[in-house]
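*Asks:* Below are the sequence and a predicted model for it; my questions follow.
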Amino acid sequence: MLVYPQLSTGALGQFPIRKRHTLRTVVNRAADGSAVKLADTSAELTEWQLDYVSLSDGEADALRQFFVTAEGTLNGFTFLDPAGNLVAWSAALEESVWERGPLLSIAGGVADPTGGTAGWRLTNSGAGAQSIAQTLAGPGEYVYCLSVYARSEASTPVTMMAGDNGAVRKITTDWNRISFTANGEAESSSISFGLELPAGASVEIFGIQVEAQTGASVYKATTRGGIYADARLGDDTLSITATGENRHSCTLNIIHAKHL
């Protein structure tokens with residue numbers, strides 16, 4: 001599957017990024033004046049406008065080659081939302097998209113660092129390490145950042161996992177945001193992200209997030225993840241303007257419609 005390219009910085013876009021999400025409701029009005037309303041999920045439309053400036057020669061060539069391969073609006077591709085959280089159900093760890101070790105229990109309704117009760121307590125009752133993870137249909141060669149807020153009643157190490165890579169972070173009694181930046185396998189079309197707890201550990205977490213960039217941005221709670229299969233370019237022309245030596249600018253419009 002064709003995949004939208006990252007820039008050399010690891011980012012997918014430059015600010016400002018414009019994103020619009022459109023939904024439609026079907027209304028059936030009866031002769032007696034009553035109405036029945038139903039969400040038309042097949043009409044859901046998401047659009048992005050990505051404005052680029054100061055692109056290098058290599059970055060401009062990569063976008064130009066991508067446009068040629070996509071043949072403008074003709075061919076679909078995988079697009080990772082540069083303004084979104086890639087994991088699905090980030091605040092609902094009981095959902096089936098999350099893969100849990102058999103001896104790792106979870107409990108919701110825990111006080112979180114924002115003053116709410118959207119935190120989760122992870123408890124490993126086993127004699128070995130246990131993990132919770134989600135596999136995303138994103139390209140392995142991308143740079144990703146996994147982040148989460150975490151605390152524990154006792155100082156404990158937690159391993160942050162991105163594909164086959166991992167990094168140990170020390171969890172303290174205070175809420176802190178920990179992060180891990182890594183690549184996956186270059187030829188892989190999917191990558192798994194998660195947390196691994198040592199035997200007997202109990203950790204409270206909030207706001208797990210994965211982004212296709214080198215650092216963590218403000219947490220965004222999700223139900224649907226930020227990976228869009230079969231996205232399309234919005235135009236059949238691409239104009240790249242040279243603004244200086246090794247400097248280029250352009251605009252790309254991207255759409256994802258369920259009915260396409």
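*Replies:* That came in fine, so what should we check first?

*Asks:* tell me, what residue is most central in this protein?
*Replies:* With distances taken as Cα atoms, centre = their mean, the chain has L86 as the residue nearest its mean C-alpha position (1.4 Å).

*Asks:* and the gap between that one and T172?
*Replies:* For L86, the distance to T172 (Cβ to Cβ, to the nearest Å) stands at 27 Å. Quick note: C-beta positions are derived from backbone N, CA and C, even for glycine.

*Asks:* what pLDDT does the residue of the chain positioned farthest from its centre get?
*Replies:* Note on the chain: the largest C-alpha distance from the chain mean falls to D32, namely 46.5 Å (Cα atoms, centre = their mean). Predicted confidence (pLDDT) at D32: the value is 86.

*Asks:* OK, contacts around it?
*Replies:* The contact partners of D32, by Cβ atoms under 8 Å, 6 or more residues apart in numbering, come to none.

*Asks:* what stretches of the stretch 151-260 of the chain score poorly on pLDDT?
*Replies:* 259-260 (pLDDT under 70).

*Asks:* And the helices in the stretch 1-150 of the chain?
*Replies:* Secondary structure of the stretch 1-150 of the chain, counting by DSSP state H, counting those that start in this stretch: helices at 57-70.

*Asks:* I figured R18 hits A83, correct?
*Replies:* No. Between R18 and A83 there is no contact, the gap being 9.1 Å when judged by Cβ atoms under 8 Å.

*Asks:* shared neighbours of those two, anything?
*Replies:* With contacts defined as Cβ under 8 Å, 6+ apart, the residues shared by R18 and A83 are W48.

*Asks:* neighbour count winner among the two?
*Replies:* A side-by-side neighbour count of R18 and A83, using other Cβ atoms under 10 Å, places A83 first with 16 against 13.

*Asks:* can you tell me which residues contact that one?
*Replies:* Counting by Cβ under 8 Å, 6+ apart, A83 makes contact with 13, 17, 19, 48.

*Asks:* do A216 as well
*Replies:* In this structure, A216 makes contact with 145, 147, 177, 179, 209, judged by Cβ under 8 Å, 6+ apart.

*Asks:* Make CSV from the residues you listed and add neighbour count and distance to A129 to it.
*Replies:* Output for the contacts of A216, formatted as CSV (neighbours: other Cβ atoms under 10 Å; distance: Cβ to Cβ, whole Å):
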residue, neighbour count, distance to A129
C145, 21, 23
S147, 21, 21
R177, 14, 22
S179, 16, 20
Q209, 25, 22
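
*Asks:* Farthest pair within the residues you listed?
*Replies:* Considering Cβ to Cβ, no two members of these lie farther apart than C145 and R177, which are separated by 11.2 Å.

*Asks:* And T214, how close does it get to P198?
*Replies:* For T214, the distance to P198 (Cβ to Cβ) stands at 28 Å.

*Asks:* In the stretch 1-150 of the chain, what residue spans correspond to strands?
*Replies:* Remark: strands of the stretch 1-150 of the chain, listed N- to C-terminal, are 17-22, 25-29, 35-39, 45-55, 77-80, 99-100, 104-110, 119-124, 130-136, 143-151; assignment by DSSP state E, counting those that start in this stretch.
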